[in-house]
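> model this:
(2 chains)
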Amino acid sequence: MKKKILIAFLLVTLPTFAADSQWVLKQSTLTYHVSHPLHESEGVSHAARGKGVCHDGQCDFLIAVAVKSFDSGDSNRDLHTIQVTRGAEFPLVTVRTRLPESAAGAQTIDADLQIQFAGQTAHYKQVLFKLEKQGDEIHITGTIPATLSDFKIEPPSLLTIPVKNEIPVRVDMTWRPQ
Amino acid sequence: MLRNRFGNRPGALPCGLAIWLLLQLVPSLMAQTAGMGVLTGKVVDSSGNPVANATVTVTSVDNGQARSATTGMDGSYRFDDLPLGNYRMKLEAAGFQTLEIPSATVDGTKPSVVDQKLQASAPTTIKPTVAQQDNLPNAPSSSTAPSLSDLGLTPEQTQGNPREQALLDKRTHMLKIHQRMGLITTIPLIATVVTSLNAGGKNTSTASRDLHTALGGLTGDLYCITAYYAIRAPRVPGTETRGPIRFHKIMAWIHGPGMIATPILGIMAFDQKNKGEKVHGIAQAHGPVAIVTAGAFGAALLSVSVKF
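Residues are numbered from 1 along each chain as shown, chains lettered A, B, ... in the order given. Below is the predicted model of the structure:
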């Protein structure tokens, strides 16, 4: 009898104790876009790492990607990008956000992002992302409307013409539960 | 000695001191604008070494507004124009325990200094209160938020390298000059090519040849300066040359020797012309070599300027 009570107690209380869940970034493609009257260039990174920890119905996410991991297909441009964004001094771009755990079932989310880049921290409010459930994984796509001035980056110039301030970053990520 | 410095007139020393004191106070007074204050400090590890790239977040106790800053290479941070009042502080850095300071006061009379020491170990597991969470809508909480070490990043991957940054800064500085000088060189280069039409052939004047020679000399000088800044720009170890810059460098192997050969052949042709001779021998190659050189220079310029 005591054994049955104990099992029943465990069955009732176990979900409460095991409420925390975690998400891991399985695959990612981050693409920044830079515009110049003579050039349109993009840099791509697949090297982002990310983790989400859920507790009390809220999930804290952290994504980090090395500035050096972005490849535009031009080594000179990439080195210049690292220099101008102070990528050797501040080697990581980090993105932090908090989302309700229930967002995993939504088709779109508006995320408030805290982005650290080039030694600066910028906050982006209500950035729209599309969610697509693929089995127990979630595929997320969206664009972060980043600008150079958000991070106090002096626009690099080519032939004395500076690039545009806007550097939208396309996000394509797949998260899986851990 | 001070008296000598400020002059021997009575009252000069106090006046000088007053100016000096005022100058010392000006930056502080400027920072302390009405209703605003400054919060600054330094973050170090347990050994006293500065912790760079740490995130310092201040949250107003009064209205819950939060601001963040990142420490520099010397571990220092600074918040300008903070509304006066009490703030909660949170210090986070990869590989260190998150530190929360319940209260720091910004009073506006002088910059508030909060120096802190971080302990290197696993992140803290202290759960924030509901109030703290409410004050930071959509901001990660310190208890559950993953840290950089949770992502498997090592301190080597998260810490900056100021030496490498300095190398990159120097490289960019020199290549910027290289780019500008290259553009400037293009002007006399084109002019030299254009004046070559009147410098060669049978019916040419000495003045035309002199102009062509002068422009060619100017082009050569500017080219040397341009080349110097490219050659002397520091190399970044482990970098593989990819993309248009590769073509740009290949072109340099054509226009570089060409810029040496062209004036030598030009001088030979110039001498032959001045002697009333027809340009002959190897000097005949001056024109074709110059055209190839100018073409390679133009191609090098365009390769890094326009996307094909």
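
> what packs against whatever helix or strand B:I190 lives in?
Element membership for B:I190 (DSSP states H and E) is helix B:162-199. Packing partners of helix B:162-199 (3 or more C-beta pairs under 8 Å, 6 or more residues apart in numbering or on different chains; DSSP states H and E): helix A:75-84, helix B:206-231, helix B:286-303. For every residue, glycine as well, the C-beta is placed using N, CA and C.

> List the buried residues in the second one.
Read it as helix B:206-231. If you call a residue buried by 16 or more other C-beta atoms under 10 Å in any protein chain shown, then helix B:206-231 has these buried ones: B:208-209, B:211-213, B:215-216, B:218-220, B:222-223, B:226-227, B:229-230.

> Between helix B:286-303 and that helix, find me the angle.
Calculated by axes from the mean of the first three to the mean of the last three C-alpha atoms, to 10 degrees, helix B:206-231 forms an angle of 40 degrees with helix B:286-303.

> Point out where chain A drops to low pLDDT.
Applying pLDDT under 70 to chain A picks out residues A:1-19.

> where do the strands sit along it?
Assigned strands in chain A, in chain order: A:21-36, A:39-45, A:49-55, A:58-66, A:92-100, A:108-117, A:120-134, A:137-144, A:157-158, A:161-162, A:169-177 (criterion: DSSP state E).

> Turn those strands into a markdown table, including distance to chain B and mean neighbour count.
Shown next, in a markdown table, are the strands of chain A (distance: least, C-beta to the nearest C-beta, whole Å; neighbours: other C-beta atoms under 10 Å in any protein chain shown):
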| stretch | distance to chain B | mean neighbour count |
| --- | --- | --- |
| strand A:21-36 | 8 | 17 |
| strand A:39-45 | 5 | 16 |
| strand A:49-55 | 4 | 21 |
| strand A:58-66 | 4 | 22 |
| strand A:92-100 | 5 | 22 |
| strand A:108-117 | 4 | 19 |
| strand A:120-134 | 4 | 15 |
| strand A:137-144 | 15 | 17 |
| strand A:157-158 | 7 | 14 |
| strand A:161-162 | 10 | 12 |
| strand A:169-177 | 13 | 17 |
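
> nearest to B:I264, of those strands?
Comparing those against B:I264 with C-beta to C-beta, the closest turns out to be strand A:157-158 (33.9 Å).

> Make JSON lines from the strands of chain A and add distance to B:A252 to it.
Shown next, in JSON lines, are these (distance: least, C-beta to C-beta, whole Å):
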{"stretch": "strand A:21-36", "distance to B:A252": "23"}
{"stretch": "strand A:39-45", "distance to B:A252": "21"}
{"stretch": "strand A:49-55", "distance to B:A252": "39"}
{"stretch": "strand A:58-66", "distance to B:A252": "31"}
{"stretch": "strand A:92-100", "distance to B:A252": "34"}
{"stretch": "strand A:108-117", "distance to B:A252": "34"}
{"stretch": "strand A:120-134", "distance to B:A252": "37"}
{"stretch": "strand A:137-144", "distance to B:A252": "38"}
{"stretch": "strand A:157-158", "distance to B:A252": "19"}
{"stretch": "strand A:161-162", "distance to B:A252": "24"}
{"stretch": "strand A:169-177", "distance to B:A252": "34"}
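
> Report the separation between B:A145 and chain A.
4 Å (C-beta to the nearest C-beta, to the nearest Å).

> on that earlier part again, quick check, nearest of the buried residues of helix B:206-231 to chain A?
Closest to chain A out of the buried residues of helix B:206-231 is B:A230 (11.1 Å), distances taken as C-beta to the nearest C-beta.

> In this structure that closest one contacts B:M251, no?
No - B:A230 is not in contact with B:M251 according to C-beta atoms under 8 Å; the separation is 11.6 Å.

> circling back: now tabulate the helices and strands packed on helix B:162-199 in JSON lines and tack on distance to B:I260.
Below are these laid out as JSON lines (distance: least, C-beta to C-beta, whole Å):
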{"stretch": "helix A:75-84", "distance to B:I260": "25"}
{"stretch": "helix B:206-231", "distance to B:I260": "9"}
{"stretch": "helix B:286-303", "distance to B:I260": "9"}
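
> out of those, nearest to B:I101?
Comparison of those against B:I101 by C-beta to C-beta identifies helix A:75-84 as nearest, at 34.0 Å.

> what's that closest one in contact with?
With contacts defined as C-beta atoms under 8 Å, 6 or more residues apart in numbering or on different chains, helix A:75-84 is touched by A:41, A:43, A:67-68, A:70-72, A:87-88, A:153-154, A:156, B:165, B:168-169, B:171-172, B:175, B:236, B:239-245, B:248, B:304.

> Of those residues, just the buried ones, ChimeraX syntax please.
The ChimeraX selection below is limited to those of those classed as buried (16+ other C-beta under 10 Å):
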select /A:41,43,67,68,70,71,72,87,88,153,156 /B:165,168,169,171,172,175,236,243,244,245,248,304
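
> Report how many residues lie close to residue 76.
Reading this off chain A. A:N76 has 20 neighbouring residues, counting by other C-beta atoms under 10 Å in any protein chain shown.

> wrong chain, I was asking about chain B
Counted with other C-beta under 10 Å, residues neighbouring B:S76 total 17.
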